[in-house]
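> Got a predicted structure plus its sequence, pasted below:
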Amino acid sequence: MSVQQKIVEILAEQAVLEPLDVSADATLEDLGLDSMNLVEIIFAIEESFDIQIPFNANEPDASGFDISSVKSIVLAVEGLLAAREA
Amino acid sequence: MGRRVVITGQGTINPLGPDVAHTLNAMATGVCGIGPLDIADVDRLMINIGGQVYGFDPTRYFPKQKLPLYDRFTQFALIAAAEAMGQAGLEITDELAEESGVILGTAGGGLQTQDENYRAVYQQGKNRVHPFVVPRLMHSSAASHLSMVHGLRGPCYTVSTACASSNHAMGQAFHLIRGGGASVVLTGGSESMLSFGGIKAWEGLRVMSKDGCRPFCASRNGMVQGEGAAVFVFEEYEQARARGADILAEVAGFAMNSDAADIVMPNQKSAARAMRGALRDARMGVDEVGYLNAHGTGTTANDKVETAAIREVFGGDADNLMVSSTKSMHGHLIGGTGAVELLACIAALRDGMIAPTINYHTPDPACDLDVVPNTARQHRVTATLSNAFAFGGLNAVIALRKT
């Protein structure tokens, strides 16, 4: 399963949607996800990929972990995975 | 209108000091009690700071044979209560003992005991734990030990409403005495959540700051936890006056309510309703209140919502109101926080010492109150409010008046 597929699966589960209904350019808001869903999503991603995401709900933009769309989350996770390999 | 209730003793141990005098001196000089956490497995935590009671040696306070019964939160409560009772100078006669009780707040209870013993059985694979684990960890343990040490045989219980626990406890103590159910109540709160498990749990919510507590500042990025206790002697006014007690302040009003909305997000409407309720209960006008000790956690959401709620209640008078969050100095003591913060209210009434909000450097238009930035102020004040707004939408506000 690709990084994108896994993240879509996690988002779909939180949003109670089918993975097919989670498009790459969708925002969390589009998917009906709120701040509580977000911290659960981050937890699920950390557990799935064994990475640490530097996210603070008080300053979502400061962490460098871009949550503005499905695509941006995938890119951010790929970045963290690459950094771990390096 | 029932009987009047006054405060005749106060005691504390918290990151700012081992007693009231040191704590108030630290507040008056804007000392920060937050620093690197010194706990087991801190290297496995993302959050490494807290308002810890450093260098605390329980053997200095308690005989060795008593210690197996006292979790750290109970130790803090006992130390604070001893100071408060010492100041109140009450003689607990047989008759008075039955009219005297204890109502304490705590959110986590004996968390250190839980942490240590889960570690023993799950991590170290031990098959045996100390026989007193249950009496140590129960939430009511501190309240029970206070009643035993001071011989108070009236109502005794613990209130647990997360971050509002001690305000709820003190509100209940106020109601109990006002309604005639007791004439003396030892009340306040205690917390000791700075353990690996305690911090790890909070990390998950992503609301903790890694670098400091900066309430109302545009740079704020979350809360910082503290530990400790404060305990007060609440006493029926006529009795206190008759025995010539030194009255620190009058508990003038209290209100509590629930948002019934969200498990973590604060709610402006019911925060405002709680402040209004306390003012109404105290028959206190908004122009009478000179100082408000804010809940002021340093999270983006709380400080913005609390500011809006204060503006909603105080209207134009909000600009004449001094508002500070002493959490910037001692951290968020969770179930004990309202009690430590009441010390700041009493100091404002007694000494005109207005405790500051430290670590403040960049104004946030969403938090445009006089937050008494960085430096304490000397100002005569005759009435104060103290806010506590807990997760789960549980709000509790206490109004004090100078006597």
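Received, thanks.
> quick one: pLDDT of A:Pro54?
The score at A:Pro54 is 88. That number is its pLDDT.
> and it, what does it touch?
Counting by Cβ atoms under 8 Å, 6 or more residues apart in numbering or on different chains, A:Pro54 touches A:63-65. Backbone N, C-alpha and C define where each C-beta goes, glycine included.
> What of B:Gln75?
B:58, B:61-62.
> Show me what counts as buried in the helix or strand harbouring it.
In the assignment (DSSP states H and E), B:Gln75 maps to helix B:72-88. Neighbour-count burial for helix B:72-88, with 16 or more other Cβ atoms under 10 Å in any protein chain shown as criterion, is recorded at B:72-85, B:87-88.
> What is the nearest of the residues you listed to B:Pro266?
Proximity of the buried residues of helix B:72-88 to B:Pro266, judged by Cβ to Cβ, is greatest for B:Phe73, which lies at 25.5 Å.
> And the pLDDT at the closest residue in space to the closest one that isn't next to it in sequence?
Using Cβ to Cβ, 6 or more residues apart in numbering or on different chains and skipping residues adjacent in sequence, the residue nearest B:Phe73 is B:Ser192, 4.1 Å away. B:Ser192 carries a pLDDT value of 98.
> Can you report how many residues neighbour B:Ser192?
Applying other Cβ atoms under 10 Å in any protein chain shown, we find 33 other residues in the vicinity of B:Ser192.
> Find the nearest non-adjacent residue to B:Asp317, please.
B:Val286 (4.7 Å).
> Does the one you found touch B:Gly316 like I think?
No - taking contact to mean Cβ atoms under 8 Å, the distance of 9.1 Å between B:Val286 and B:Gly316 leaves them out of contact.
> Apart from its chain neighbours, what residue comes closest to the closest residue to chain A within the stretch 251-400 of chain B?
Closest to chain A within the stretch 251-400 of chain B is B:Thr300: 4.5 Å, counting by Cβ to the nearest Cβ. Take B:Thr300 and drop its neighbours on the chain: the residue closest to it by Cβ to Cβ, 6+ apart is A:Asn58, 4.5 Å away.
> Work out for me the element the one you found sits within.
In this structure, A:Asn58 is located outside every helix and strand according to DSSP H and E.
> And for it, the neighbour number?
Here the number of neighbours of A:Asn58 (other Cβ under 10 Å) works out to 20.
> and it, what are its phi and psi?
Main-chain torsions, A:Asn58, degrees, to the nearest 10: phi -80, psi -20.
> do A:Glu18 as well
Per degrees, to the nearest 10, the backbone of A:Glu18 is at phi -80, psi 140.
> what's the neighbour count on the closest residue to it other than its chain neighbours?
Distance criterion Cβ to Cβ, 6+ apart; nearest residue to A:Glu18, sequence neighbours excluded, is A:Ala12 at 6.3 Å. A count of neighbours around A:Ala12, defined by other Cβ under 10 Å, yields 16.
> Quick check, A:Ala12 in contact with A:Gly32.
No - between A:Ala12 and A:Gly32 no contact is recorded; they are 11.4 Å apart, counting by Cβ under 8 Å.
> mind listing what the spatially most central residue of chain A touches?
In chain A, the residue lying closest to the centroid (Cα atoms, centre = their mean) is A:Ile73, at 4.5 Å. Residues in contact with A:Ile73, defined by Cβ under 8 Å, 6+ apart, are A:7, A:11, A:45, A:66-67.
> State the pair within those that is farthest apart.
Pairwise distances across these peak at 14.5 Å for A:Leu11 and A:Asp66 (criterion: Cβ to Cβ).
> which of those two has more neighbours?
The neighbour comparison of A:Leu11 against A:Asp66 (other Cβ under 10 Å) goes to A:Leu11, with 22 against 14.
> Give me the phi and psi for the more buried one.
phi -60, psi -40.
> cool, B:Gly35 as well?
Here is the backbone geometry of B:Gly35 (degrees, to the nearest 10): phi -160, psi -170.
> if I look at it, how far off is B:Gly331?
Taking Cβ to Cβ, to the nearest Å as the measure, B:Gly35 and B:Gly331 are separated by 10 Å.
> Quickly list what's touching both of the two.
B:Gly50.
> Tell me which of the two has more neighbours.
A direct count of neighbours by other Cβ under 10 Å for B:Gly35 and B:Gly331 places B:Gly331 higher, at 32 against 14.
> So for that one, what's the pLDDT?
pLDDT, the model's per-residue confidence, is 98 for B:Gly331.
> who's in contact with it?
B:15, B:33-34, B:50-51, B:213, B:223-227.
> Relative to A:Met36, which of those is nearest.
The shortest gap between A:Met36 and any of these belongs to B:Met223, at 17.1 Å (Cβ to Cβ).
> Could you give the number of residues near that closest one?
Using other Cβ under 10 Å as the criterion, B:Met223 is surrounded by 25 other residues.
> just checking, it touches B:Arg214?
No - B:Met223 sits out of contact with B:Arg214 when judged by Cβ under 8 Å, with a separation of 10.3 Å.
> Overlap of the contact sets of the two?
Shared between the contact lists of B:Met223 and B:Arg214 (criterion: Cβ under 8 Å, 6+ apart) are residues B:Gly298.
> Looking at B:Val286 and B:Gly316, which one has more neighbours?
In terms of neighbours (other Cβ under 10 Å), B:Val286 is the more surrounded of B:Val286 and B:Gly316; the figures are 19 against 9.
> helices or strands up against the strand or helix carrying B:Glu250?
Using DSSP H and E, B:Glu250 maps to strand B:249-258. Contacts of strand B:249-258 with other secondary structure elements, assessed using 3 or more Cβ pairs under 8 Å, 6 or more residues apart in numbering or on different chains; DSSP states H and E, are made with strand B:5-13, helix B:165-178, helix B:268-282, helix B:337-351, strand B:394-401.
> List the buried residues of the fourth one.
When burial is assessed from 16+ other Cβ under 10 Å, helix B:337-351 yields the following buried residues: B:337-350.
> follow-up on the earlier one: point out the least confident one among the contacts of A:Pro54.
The lowest pLDDT within these belongs to A:Ser63, with 76.
> didn't that residue look like it was pressed against A:Asn56?
Yes - the pair A:Ser63 and A:Asn56 qualifies as a contact (Cβ under 8 Å) at a distance of 6.1 Å.
> Tell me which of the two has more neighbours.
When A:Ser63 and A:Asn56 are compared on other Cβ under 10 Å, the one with more neighbours turns out to be A:Asn56, at 20 against 15.
> Spell out the residue ranges of the strands in the stretch 51-200 of chain B.
Taking DSSP state E, counting those that start in this stretch as the criterion, the stretch 51-200 of chain B carries its strands at B:100-105, B:156-159, B:184-191.
> Tell me which residues are up against the second one.
Outside strand B:156-159, the residues within contact range by Cβ under 8 Å, 6+ apart are B:101-106, B:109, B:139-140, B:142-144, B:146-147, B:165-166, B:168-169, B:172.
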